[in-house]
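Colleague: please find the sequence and the predicted model below.
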Amino acid sequence: MKSQVVILLSVLSAVLARCPADWDHYNDKCFFLSRDNETFAGALKLCEVIGAQYGRVASLATVDDAGTQSHLEGLVTKTSSLEYYIGATDIVHEGTWVWVSNGQTATYTNWGPFQPNNRGGAENCAGITYDIPNGFVGHWTDKPCTKELPYICEMPFRQA
Ligand SMILES: [Ca+2]
Ligand SMILES: [Ca+2]
(Lines give C-alpha, C1' and ligand atoms only; values in the text may rest on other atoms or scores of the structure.)
(Ligands and ions follow the chains in the order given, each with its own letter.)
Protein backbone atom coordinates (compact mmCIF):
# COMPACT_ATOMS: atom_id res chain seq x y z
CA MET A 1 0.00 0.00 0.00
CA LYS A 2 2.77 2.36 1.03
CA SER A 3 4.72 1.70 -2.17
CA GLN A 4 1.58 2.32 -4.24
CA VAL A 5 1.24 5.72 -2.59
CA VAL A 6 4.87 6.47 -3.35
CA ILE A 7 4.39 5.48 -6.99
CA LEU A 8 1.24 7.57 -7.24
CA LEU A 9 2.99 10.60 -5.76
CA SER A 10 5.97 10.26 -8.08
CA VAL A 11 3.67 9.97 -11.11
CA LEU A 12 1.75 13.01 -9.90
CA SER A 13 4.88 15.09 -9.36
CA ALA A 14 6.18 14.09 -12.80
CA VAL A 15 2.93 15.36 -14.29
CA LEU A 16 3.07 18.60 -12.31
CA ALA A 17 6.77 19.18 -12.90
CA ARG A 18 6.36 20.63 -16.32
CA CYS A 19 5.33 23.85 -17.98
CA PRO A 20 1.66 24.44 -18.79
CA ALA A 21 0.60 24.83 -22.41
CA ASP A 22 1.52 28.32 -23.65
CA TRP A 23 4.50 28.40 -21.29
CA ASP A 24 8.04 27.84 -22.44
CA HIS A 25 10.54 25.64 -20.63
CA TYR A 26 14.13 26.76 -20.15
CA ASN A 27 16.43 25.20 -17.53
CA ASP A 28 14.61 25.24 -14.18
CA LYS A 29 11.93 27.75 -15.20
CA CYS A 30 8.77 28.17 -17.22
CA PHE A 31 8.27 31.46 -19.07
CA PHE A 32 5.10 33.07 -20.36
CA LEU A 33 4.86 35.97 -22.80
CA SER A 34 1.67 37.97 -22.24
CA ARG A 35 -0.66 39.03 -24.99
CA ASP A 36 -2.04 41.97 -23.00
CA ASN A 37 -0.39 45.24 -21.98
CA GLU A 38 0.00 46.25 -18.35
CA THR A 39 1.90 48.72 -16.21
CA PHE A 40 4.91 47.18 -14.47
CA ALA A 41 2.99 46.79 -11.19
CA GLY A 42 -0.04 45.38 -13.01
CA ALA A 43 2.15 42.92 -14.89
CA LEU A 44 3.84 41.69 -11.70
CA LYS A 45 0.46 41.18 -10.03
CA LEU A 46 -0.90 39.26 -13.00
CA CYS A 47 2.17 37.01 -13.15
CA GLU A 48 1.56 36.16 -9.48
CA VAL A 49 -2.13 35.47 -10.08
CA ILE A 50 -1.45 33.33 -13.15
CA GLY A 51 1.22 31.34 -11.30
CA ALA A 52 -1.11 30.75 -8.37
CA GLN A 53 -3.49 28.97 -10.76
CA TYR A 54 -0.77 26.34 -11.12
CA GLY A 55 0.10 26.36 -7.42
CA ARG A 56 3.45 27.98 -8.12
CA VAL A 57 5.10 31.24 -7.11
CA ALA A 58 5.43 33.29 -10.29
CA SER A 59 6.92 36.71 -10.92
CA LEU A 60 8.21 38.86 -13.76
CA ALA A 61 11.12 37.24 -15.58
CA THR A 62 14.56 37.26 -13.95
CA VAL A 63 17.21 37.49 -16.66
CA ASP A 64 20.36 36.74 -14.71
CA ASP A 65 22.58 35.13 -17.32
CA ALA A 66 23.37 35.30 -21.02
CA GLY A 67 21.68 31.97 -21.71
CA THR A 68 18.35 33.14 -20.33
CA GLN A 69 18.74 36.45 -22.17
CA SER A 70 19.33 34.77 -25.50
CA HIS A 71 16.51 32.29 -24.91
CA LEU A 72 14.00 35.07 -24.13
CA GLU A 73 15.20 37.08 -27.11
CA GLY A 74 14.37 34.09 -29.27
CA LEU A 75 10.84 33.94 -27.84
CA VAL A 76 10.26 37.68 -28.29
CA THR A 77 11.30 37.59 -31.95
CA LYS A 78 8.53 35.03 -32.59
CA THR A 79 5.88 37.55 -31.46
CA SER A 80 4.58 40.75 -33.00
CA SER A 81 5.50 42.83 -29.92
CA LEU A 82 8.90 44.48 -29.82
CA GLU A 83 8.94 45.39 -26.13
CA TYR A 84 8.30 43.28 -23.01
CA TYR A 85 8.70 44.05 -19.35
CA ILE A 86 11.16 41.93 -17.42
CA GLY A 87 11.39 41.92 -13.64
CA ALA A 88 14.12 44.51 -12.95
CA THR A 89 13.44 47.84 -11.27
CA ASP A 90 15.46 50.64 -9.66
CA ILE A 91 12.41 52.23 -8.07
CA VAL A 92 13.74 51.84 -4.51
CA HIS A 93 17.23 53.22 -5.07
CA GLU A 94 17.95 55.08 -8.31
CA GLY A 95 20.59 53.26 -10.33
CA THR A 96 20.46 50.03 -8.32
CA TRP A 97 18.60 47.45 -10.38
CA VAL A 98 16.90 44.71 -8.39
CA TRP A 99 15.00 41.59 -9.49
CA VAL A 100 11.43 41.60 -8.16
CA SER A 101 11.42 37.78 -8.01
CA ASN A 102 14.09 37.52 -5.30
CA GLY A 103 15.21 41.01 -4.26
CA GLN A 104 18.72 40.39 -5.59
CA THR A 105 20.73 43.16 -7.24
CA ALA A 106 21.13 42.49 -10.96
CA THR A 107 24.70 41.43 -11.70
CA TYR A 108 24.22 40.26 -15.30
CA THR A 109 22.73 43.07 -17.42
CA ASN A 110 22.16 43.62 -21.12
CA TRP A 111 21.44 47.34 -21.43
CA GLY A 112 21.17 48.89 -24.86
CA PRO A 113 22.99 52.02 -26.05
CA PHE A 114 22.82 54.89 -23.51
CA GLN A 115 20.65 52.81 -21.16
CA PRO A 116 19.67 53.00 -18.42
CA ASN A 117 19.30 56.77 -18.78
CA ASN A 118 16.41 57.45 -16.36
CA ARG A 119 14.94 59.86 -18.89
CA GLY A 120 12.95 62.65 -17.30
CA GLY A 121 14.06 61.33 -13.92
CA ALA A 122 11.26 58.80 -14.14
CA GLU A 123 12.40 55.56 -15.75
CA ASN A 124 12.54 52.83 -13.13
CA CYS A 125 11.38 49.65 -14.86
CA ALA A 126 13.23 47.48 -17.39
CA GLY A 127 12.17 45.81 -20.59
CA ILE A 128 13.61 43.82 -23.46
CA THR A 129 13.40 45.96 -26.59
CA TYR A 130 13.74 45.44 -30.33
CA ASP A 131 14.38 48.81 -31.94
CA ILE A 132 17.00 47.75 -34.42
CA PRO A 133 17.50 51.17 -36.11
CA ASN A 134 18.48 52.52 -32.68
CA GLY A 135 20.72 49.59 -31.82
CA PHE A 136 18.33 47.67 -29.56
CA VAL A 137 18.44 44.00 -30.54
CA GLY A 138 16.82 42.43 -27.52
CA HIS A 139 18.71 44.85 -25.31
CA TRP A 140 17.25 46.28 -22.12
CA THR A 141 15.89 49.78 -21.77
CA ASP A 142 14.66 51.56 -18.67
CA LYS A 143 11.21 53.05 -19.08
CA PRO A 144 8.44 54.65 -17.02
CA CYS A 145 6.77 51.97 -14.87
CA THR A 146 3.37 53.40 -15.83
CA LYS A 147 3.91 52.55 -19.51
CA GLU A 148 1.61 49.71 -20.56
CA LEU A 149 3.51 46.90 -22.22
CA PRO A 150 3.36 43.16 -22.71
CA TYR A 151 5.43 41.29 -20.13
CA ILE A 152 7.28 38.04 -19.47
CA CYS A 153 6.33 35.95 -16.42
CA GLU A 154 8.39 33.14 -14.93
CA MET A 155 7.70 30.35 -12.47
CA PRO A 156 9.63 27.30 -11.32
CA PHE A 157 9.67 24.30 -13.64
CA ARG A 158 9.36 22.02 -10.65
CA GLN A 159 6.48 22.16 -8.28
CA ALA A 160 7.38 24.45 -5.38
CA1 LIG B 1 15.65 54.88 -12.73
CA1 LIG C 1 15.56 54.74 -20.90
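Modeller: That came through fine. Ligands and ions are numbered 1, 2, ... in the order given.
Colleague: quick one: the helices in the chain?
Modeller: For the chain, applying DSSP state H gives helices covering 2-16, 40-53, 66-77.
Colleague: how about the last one, which residues are buried there?
Modeller: Residues of helix 66-77 classed as buried under the neighbour-count rule (16 or more other C-beta atoms under 10 Å) are 68-69, 71-73, 75-76. Quick note: C-beta positions are derived from backbone N, CA and C, even for glycine.
Colleague: quick check: the two most widely separated of those?
Modeller: Using C-beta to C-beta, the buried residues of helix 66-77 span at most 12.4 Å, a distance reached by T68 and V76.
Colleague: what's near enough to touch the residue nearest to C30 when sequence neighbours are not counted?
Modeller: Nearest residue to C30, sequence neighbours excluded (C-beta to C-beta, 6 or more residues apart in numbering): C19, at 3.6 Å. Neighbouring residues of C19 by C-beta atoms under 8 Å, 6 or more residues apart in numbering: 25, 30, 157.
Colleague: swap in D28?
Modeller: D28 is in contact with 156-158, counting by C-beta under 8 Å, 6+ apart.
Colleague: still on that earlier bit, got a quick ChimeraX command for the buried subset of the contacts of C19?
Modeller: Applied in ChimeraX, the following selects the buried portion of those according to 16+ other C-beta under 10 Å:
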select :30,157
